[in-house]
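Visitor: quick one: sequence plus predicted model below, questions after.
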Amino acid sequence: MRSKRFYKFLVLILALFIIGGCTLKDKPPTVIIISPTNGSTVSGVVEIIVEATDDRSILKVDFYIDGIIVGEDTQLPYKYSWDTAKVSDGEHSVLAKAYDNGGNIGSASITVIVKNLVPGILKWYFETNGSIYSSPAIGKDGTIYINSNDRVIYAINPDGSLKWKFETEYGPHSFISSPAIGEDGCIYTGSTDYYVYAITPYGSFKWKYKTENFVESSPAIGLDGTIYVGGIDGYLYAINSEGKLRWRYYFGNPISSSPAIDWDGTIYVGCEDGYLYAIDSDGFFKWKYEIYGKVSSSPAIGPDRTIYIGSEDGYLYAIDFNGTLKWKFNLNSRVKYSSPIIDSEGTIYIGCEDGYLYAVNPDGSLKWKFQTDGYIWSTPAIGLDGMIYVGSSSGYLYAINPDGTLSWRYYCSPYGLDSSPVIAPDGTIYVGSVDGYLYAITLTSKGLANSPWPKFRHDNQNTGRVK
């Protein structure tokens, strides 16, 4: 009897040993990500180092970034070199899976923060042979277009190399007008040789239309492709995409303000006679509002169709689409060339000759003001991250937080920045300088803000039109 009990005991011990052995062998590999550590901030090329242990042999370790397999290693130490420049800045998951020769899989994961972009760093600069007062436009393929006072329109690749250049007719100062890009990729701009030019995306001449004086105003492009531009001769011109005059409206005084187009086709433009004009798409007068000061600032249109414009009388005006005043804000300094922009919350930003950038609430009250070290003719631009960027005669490009504090500034030139900046989707800001250079500077913002009017001429193509 005793022997039977002893036999059963031995069988039980043996069974437990076998089960325990099987369990041990079926245990998945133990995986630890040694480097980088969970929650750490990384940049550049990062070496992911993994420790994988098992009672069996490890066949391989697979590496995943954000759930996508990116590599494997079969030999100790298990490593993968990850180029973080290929992903956007922000939070990303790293996963390592180890496989043993028994078909078992073990894994470990961490989260890291990628931060490659350091704002305010010069990427490159491009030299023209004249001062730059005009503001860049960016094509759908990333080409940057800029006018210079050497009478040349430049097309520049995103890496800073010259794509092509087009030389216009002779004229003193040549370019204050900024280029605008049509749906077909053609570039339209005014010049002080009295002409409005159309250039193909390949840099060849398409057509030119002669006005009766300088064209300092920047073109606006309607939905039907009509080009609207003001002249120092006092006319607002409407030119079709083939270079033929549709109509012109005579204001009787020079126009250096650039037109803005509302969703219904109404064109708003300021004039040096101190009025804001509204003209319909067929060239008929709708209304005018007296501002009491020369207007070289260009209108911006809010989501409720309020028109905002600055004046040399020192006020920022908010005018209803029917031509009645909503409010005006005393800036205590004249506004010359700098134009209003609007953020996603309705805050209006504008620069003044006293060197201040003003932030004004939608009700016309002051939100904050920020002082630069020189006068401001540049129009600000708002990044996707809410940062406001503006140039000044001090030669600095300023990056200002949404609360009105300085984030950083970059010194471009002792000759000043009168050009208005443009922000590319890859996080580069482009701005021209009186020294004749176009500067490309890194940002953390991946493009323009999603707001009613985030920059001079509304968008990166400088259409001057509500979308």
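Guide: Thanks, I have it.
Visitor: contacts, neighbours, all on C-alpha from now
Guide: Fine.
Visitor: does Pro259 touch Ile227 like I think?
Guide: No. Counting by Cα atoms under 8 Å, Pro259 does not reach Ile227; the two are 10.0 Å apart.
Visitor: joint contacts of the two?
Guide: 219-220 (Cα atoms under 8 Å, 6 or more residues apart in numbering).
Visitor: which of these two has more neighbours?
Guide: Neighbour tally, Pro259 and Ile227, criterion other Cα atoms under 10 Å: the higher count belongs to Pro259, 31 against 26.
Visitor: how much space between that one and Asn322?
Guide: Relative to Asn322, Pro259 is positioned 17 Å away (criterion: Cα to Cα, to the nearest Å).
Visitor: over to Thr442?
Guide: From Thr442 to Asn322 the distance is 42 Å (Cα to Cα).
Visitor: over to Tyr415?
Guide: Going from Tyr415 to Asn322 by Cα to Cα gives 41 Å.
Visitor: one step back: more crowded one of Thr442 and Asn322?
Guide: Thr442 (20 against 14).
Visitor: was I right about the more buried one contacting Asn116?
Guide: No. Thr442 lies out of contact with Asn116 (Cα under 8 Å); the separation is 10.6 Å.
Visitor: if we ignore the residues flanking it in sequence, what's nearest Asn149?
Guide: Closest residue in space to Asn149, ignoring its immediate chain neighbours: Gly130 at 4.5 Å, by Cα to Cα, 6 or more residues apart in numbering.
Visitor: in what helix or strand does Tyr99 lie?
Guide: strand 90-100 (DSSP states H and E).
Visitor: need the contact partners of that strand.
Guide: So strand 90-100 is in contact with 28-29, 31, 33, 50, 52, 54, 56-67, 105-115, going by Cα under 8 Å, 6+ apart.
Visitor: please apply the same query to stretch 150-160.
Guide: So stretch 150-160 is contacted by 124-126, 128-131, 142-148, 162-171, 173-175, 203 (Cα under 8 Å, 6+ apart).
Visitor: can you give me the domain boundaries for the protein?
Guide: Per the record, the chain has its domains at 30-114, 121-442, by the TED database.
Visitor: buried only: go through the contacts of strand 90-100 for me.
Guide: Among the contacts of strand 90-100, those buried by neighbour count (16 or more other Cα atoms under 10 Å) are 28-29, 31, 33, 50, 52, 54, 56, 58, 60-65, 105-107, 109-115.
Visitor: show me what contacts the closest residue to Gly139 other than its chain neighbours?
Guide: Nearest-residue entry for Gly139: Gln461, 6.3 Å, with adjacent residues in sequence omitted and distances by Cα to Cα, 6+ apart. By Cα under 8 Å, 6+ apart, the contact set of Gln461 is 137-139, 180-182.
Visitor: check Thr211 too.
Guide: 194-196, 231, 233.
Visitor: state the distance from it to Tyr125.
Guide: When Thr211 is compared with Tyr125 (using Cα to Cα), they lie 34 Å apart.
Visitor: hang on, the earlier thing: among the contacts of Gln461, who's most crowded?
Guide: Top of the contacts of Gln461 by neighbour count (other Cα under 10 Å): Ala180, with 31 neighbours.
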